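Asker: here is my input, please return the structure:
(chains A and B)
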Number of protein chains: 2
Amino acid sequence: MTTTAFEAVPALDGARRTPGLVVMKFGGSSLADTGKLKQVAERLVAAHEGGAKVVAVLSAMGRTTDDLIRLAHEVSSAPHPREYDMLVSTGERISNALCAMAIHDLGHRAVSFTGSQAGIVTDSRHTKAKIVEVRAQRIHEALDEDKIVLVAGFQGVSTSTRDVTTLGRGGSDTTAVALAAALGADACEIFTDVPGVLTADPRIVPQALKLDVVTYEEMLEMAATGAKVMMARSIEVARSYGVRIRVRSTFEDGEGTWIGEEDETVLEKAIISGVTHDTSEAKVTILDVPDRPGVAARVFRALADAGVNVDMIVQNTSQRGTTDVTFTLPKSDLRVADPILDSLAGEIGAGGVERDPEIAKVSLIGAGMKSHPGVAADMFDALAEAGINIEIISTSTIRISCVVRASEVERAVQAIHERFRNFAEERVGVD
Amino acid sequence: MTTTAFEAVPALDGARRTPGLVVMKFGGSSLADTGKLKQVAERLVAAHEGGAKVVAVLSAMGRTTDDLIRLAHEVSSAPHPREYDMLVSTGERISNALCAMAIHDLGHRAVSFTGSQAGIVTDSRHTKAKIVEVRAQRIHEALDEDKIVLVAGFQGVSTSTRDVTTLGRGGSDTTAVALAAALGADACEIFTDVPGVLTADPRIVPQALKLDVVTYEEMLEMAATGAKVMMARSIEVARSYGVRIRVRSTFEDGEGTWIGEEDETVLEKAIISGVTHDTSEAKVTILDVPDRPGVAARVFRALADAGVNVDMIVQNTSQRGTTDVTFTLPKSDLRVADPILDSLAGEIGAGGVERDPEIAKVSLIGAGMKSHPGVAADMFDALAEAGINIEIISTSTIRISCVVRASEVERAVQAIHERFRNFAEERVGVD
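Answerer: Okay, the predicted model is just below:
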């Protein structure tokens, strides 16, 4: 095999630009029932009537994928990955075929393609395949016939095994961005149930503001720290190929949020792009670890080999000759990690292992913070004023994350958002 | 296009025999839920453990296809045929993928193929495609790897358009028989919710007997006159290619019924193979049709051009210069036929059109009746004794059909079955 990892390479050679082409992606919540699906069809027709060449990527309707996964677990304790992909890929075929029918009913021409028919070629890692190539010939032919093209998201075909594959979490976003890159689209529009990328979760911070623009880097950090609007993976593809993304509401008009390259004029005064939070992780502390070289490597190598995604790691030096090693990991990985940790603790002569699932991570993201010292101090101060204790701190050039008690996460997000609200308002142009 | 109509040619050239191979087909009622689907998986594994090479064709589970069709009509008044096929073909992919998982869970290897992956090549007539070729290379490869092969029934791919097609009613039976022919299988087993082909509908005739053997011709006549166990279309393919079919119960053991070539030693004493009935048709009479050449042709050409399936036709000569033309057609075709008939009646100067949906057709089938004169008289006599009036009579060499009032159909079936019961018992070996 000499296929290139499309999702990882820095540029797409030979992509032909297609002026006036837009890729529009709709998630399951925009397709909860046939009534909403017909609204999506109307939206696509409106874009087509407005003069655009339209390629749409639809997820499965509502809970379809969950229903299919439930069936799989009813017949098998460990569903075979190839058959799992064959099964769950049907959900998107259903929604896309239905939408094509609805478009025909509106007097326009449409055609729905499976991932395979759309030329989404992947590697053969079932349930988590990566796109290696997009062979868009059939899409171009259909566009040349003035059809609205619908592509089943989340899936592709492995040319080595000729089997259906699925792309794993965030798969439909990745399909949309990869198609926008391969087709040379003007933009990739991600339609969702919020008006755009917000400065915080509006269920926690009702005053949260919609951002007009956000950089790839900021969006990556926001996605990695709990923002649900897009998965980090698809943003990485967009950044690699320079695909301009627009996040907007399915059922409201509005400009939405553009995701793209950093623009100095917009961002120089803009410290923050948002406050995110994540309650899906647990904290583990290995107590009294002997303070000698190689111990940390051994612990985290064992966890990585088991596929455990360790996030934040904190280790303080100590005068005692031992140290505590603390880290966070997805709660869903605890079942796998637990026996490894117990066994490791014994082998390295540690004092024991403590698990704490009652934590939350709250993060402040902003490309502008690189040039604004004091942001971290302001964030810690906001938490202190709210009486919230910080358990772990981790930073990048454009992000500061703090682990706090899960019971305090809402107050933490509110306190931080309130402290940086002026900056957010400046950024979005609120007077 | 120079493809040959596989479903219509008299012999399959170059088919390689595969000794020990059996094709096993399961319909939706055998797959009503995941519990039943697991039983099907166990049945396939048992056949494999018994030494057979197993190719299974599964329909969609339970009401899946109906649910998908309902969705289509929610989004479109006239679902686009290509998209309709894309939509409804997912049902079989789901059941076959689930069954493959269940087989893996039982410690055996299996692989599920879409119609396209299985090499079921069709013409491009969406929703009613015909199989033109079976390219079984992937199936052979999987069998060589000792896998149980599952094929999604009812669907194929048009190589001219590269689109998914469906085969229409009876499609999964046709898939199974075509695969058995192309693979050179020892037999094609049709699993269903009855123990085999019965001499009458057991809901009407509790004493109905299971037949051990039935000829293709008898089964074709039975299917054409109301027997639900198999569609005529798939039996025609089996007859063309000499595929031996075995109809048997999914959830009981038992020999079932073999369908094959006529065997003199078995059939010479066997007059009847069964009594069938059909309440799906309506009777139409065109009154006082001028008795001149070309009128009948004009009527039935117009109906045929509109896709109306006319079944029995009766026209008596008359001394009056006009005649009544009576025929039956599916009730579901009345909506299309009605305006054509009204218009035709005017054009040809007929006296009017009468519609009667309250009819039923009861038929007696038997290859042996060719050499037993008097069968028709016995049948009419049985109906007369039961006080049932015969409205239309139609016969073939191995079938006699009578139209009666719909309200009398159950008594008619019972009376005929009782009259011919001795012959049936001789045939199946009851002492």
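
Asker: tell me how far A:Leu183 lies from A:His140.
Answerer: Using C-beta to C-beta, to the nearest Å, one gets 8 Å for the distance from A:Leu183 to A:His140. Heads up, the C-betas are built off the backbone N, CA and C, glycines and all.

Asker: neighbour count: the two, which is higher?
Answerer: Using other C-beta atoms under 10 Å in any protein chain shown as the criterion, A:Leu183 and A:His140 rank with A:Leu183 on top: 24 against 16.

Asker: spatially nearest residue to the more buried one, not counting backbone neighbours?
Answerer: Closest residue to A:Leu183 apart from its sequence neighbours, by C-beta to C-beta, 6 or more residues apart in numbering or on different chains: A:Thr18 at 5.2 Å.

Asker: name the element the one you found belongs to?
Answerer: If you go by DSSP states H and E, A:Thr18 is not part of any helix or strand.

Asker: how's chain A carved up into domains?
Answerer: Annotated domains of chain A cover A:21-193, A:264-431 [automatic domain parsing].

Asker: can you redo those domains as JSON lines with mean pLDDT?
Answerer: Formatted as JSON lines, the domains of chain A follow (pLDDT from 0 to 100):
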{"stretch": "domain A:21-193", "mean pLDDT": "96"}
{"stretch": "domain A:264-431", "mean pLDDT": "86"}
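
Asker: let me know which of those domains is tucked in deepest.
Answerer: domain A:21-193 (a mean of 22; mean count of other C-beta atoms under 10 Å in any protein chain shown).

Asker: end-to-end on that one?
Answerer: End-to-end distance for domain A:21-193: 23 Å, by C-alpha to C-alpha, to the nearest Å.

Asker: equivalent analysis for stretch A:363-383, please.
Answerer: 12 Å.

Asker: got it, and stretch A:223-235?
Answerer: Terminal-residue distance, stretch A:223-235 (C-alpha to C-alpha): 9 Å.

Asker: what is in contact with A:Leu183 and A:His140 at once?
Answerer: Common neighbours of A:Leu183 and A:His140 (criterion: C-beta atoms under 8 Å, 6 or more residues apart in numbering or on different chains): A:Thr18.

Asker: in three-state terms, label A:Ile286 for me.
Answerer: strand (DSSP: H, G, I helix; E, B strand; the rest coil).

Asker: that one touches A:Arg355, doesn't it?
Answerer: No. Counting by C-beta atoms under 8 Å, A:Ile286 stays clear of A:Arg355, with 10.6 Å between them.

Asker: need the phi and psi values for A:Gln117.
Answerer: phi -60, psi -30 (degrees, to the nearest 10).

Asker: which residues does it contact?
Answerer: Counting by C-beta under 8 Å, 6+ apart, A:Gln117 has contacts A:Arg138, B:Arg162.

Asker: for it, give its distance to B:Ala302.
Answerer: From A:Gln117 to B:Ala302 the distance is 40 Å (C-beta to C-beta).

Asker: can you name the residue of the stretch 301-431 of chain A nearest chain B?
Answerer: Of all residues in the stretch 301-431 of chain A, A:Arg335 sits closest to chain B, at 20.6 Å by C-beta to the nearest C-beta.

Asker: list the contacts for the closest residue to chain B within the stretch 251-400 of chain A?
Answerer: For the stretch 251-400 of chain A, the residue closest to chain B is A:Phe251, as judged by C-beta to the nearest C-beta, at 17.1 Å. A:Phe251 makes contact with A:Ser30, A:Lys36, A:Gln39, A:Asp193, according to C-beta under 8 Å, 6+ apart.

Asker: what sits against whatever residue of the stretch 201-350 of chain A ends up closest to chain B?
Answerer: Of all residues in the stretch 201-350 of chain A, A:Thr250 sits closest to chain B, at 16.3 Å by C-beta to the nearest C-beta. Going by C-beta under 8 Å, 6+ apart, A:Thr250 touches A:Phe26, A:Ser30, A:Lys36, A:Gln39, A:Val40, A:Arg43, A:Phe191, A:Thr192, A:Asp193.

Asker: next, format the residues you listed as a markdown table and append secondary structure and distance to chain B.
Answerer: A markdown table is the format used below for the contacts of A:Thr250 (DSSP: H, G, I helix; E, B strand; the rest coil; distance: C-beta to the nearest C-beta, whole Å):
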| residue | secondary structure | distance to chain B |
| --- | --- | --- |
| A:Phe26 | strand | 14 |
| A:Ser30 | helix | 15 |
| A:Lys36 | helix | 11 |
| A:Gln39 | helix | 11 |
| A:Val40 | helix | 10 |
| A:Arg43 | helix | 14 |
| A:Phe191 | strand | 18 |
| A:Thr192 | strand | 22 |
| A:Asp193 | coil | 21 |
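
Asker: so which residues of the stretch 101-250 of chain A form strands?
Answerer: A:110-113, A:120-122, A:131-134, A:148-152, A:155-158, A:163-166, A:187-192, A:213-215, A:245-249 (DSSP state E, counting those that start in this stretch).

Asker: of all the ones you listed, which one is nearest B:Glu255?
Answerer: strand A:163-166 (38.0 Å; C-beta to C-beta).

Asker: ok, that closest one: who's next to it in the sheet?
Answerer: Based on DSSP bridges, the pairing partners of strand A:163-166 within the sheet are strand A:155-158 (antiparallel).

Asker: what does the partner strand rub up against?
Answerer: A:85, A:89, A:92, A:114-116, A:120-124, A:129, A:131, A:163-167, A:171, A:175.

Asker: skipping adjacent residues, who's closest to the one residue in the stretch 151-300 of chain A that gets nearest to chain B in space?
Answerer: Going by C-beta to the nearest C-beta, chain B is nearest to A:Arg162 of the stretch 151-300 of chain A, at 6.9 Å. Excluding its sequence neighbours, the residue lying closest to A:Arg162 (C-beta to C-beta, 6+ apart) is B:Gln117, at 6.9 Å.

Asker: A:Thr159 too?
Answerer: A:Val121 (5.4 Å).

Asker: all helices for chain A, in order.
Answerer: Assigned by DSSP state H, chain A shows helices spanning A:34-49, A:64-75, A:81-88, A:90-105, A:137-144, A:171-183, A:216-224, A:232-241, A:264-267, A:295-305, A:334-348, A:375-385, A:409-419, A:421-428.

Asker: which ones are touching A:Arg138?
Answerer: A:Phe113, A:Gln117, A:Ala118, A:Gly119, B:Arg162.

Asker: report pLDDT for the most centrally placed residue in chain A.
Answerer: Nearest residue to the geometric centre of chain A (C-alpha atoms, centre = their mean): A:Met231, 0.8 Å. At A:Met231, the model reports a pLDDT of 87.

Asker: just want the phi and psi numbers for it.
Answerer: phi -90, psi 150.

Asker: so it makes contact with A:Ala223?
Answerer: Yes. Judged on C-beta under 8 Å, A:Met231 makes contact with A:Ala223 at a distance of 6.1 Å.

Asker: rewinding a little: which one, of the domains of chain A, ends up nearest to B:Arg70?
Answerer: Closest among those, once you apply C-beta to C-beta, is domain A:21-193, at 9.2 Å.
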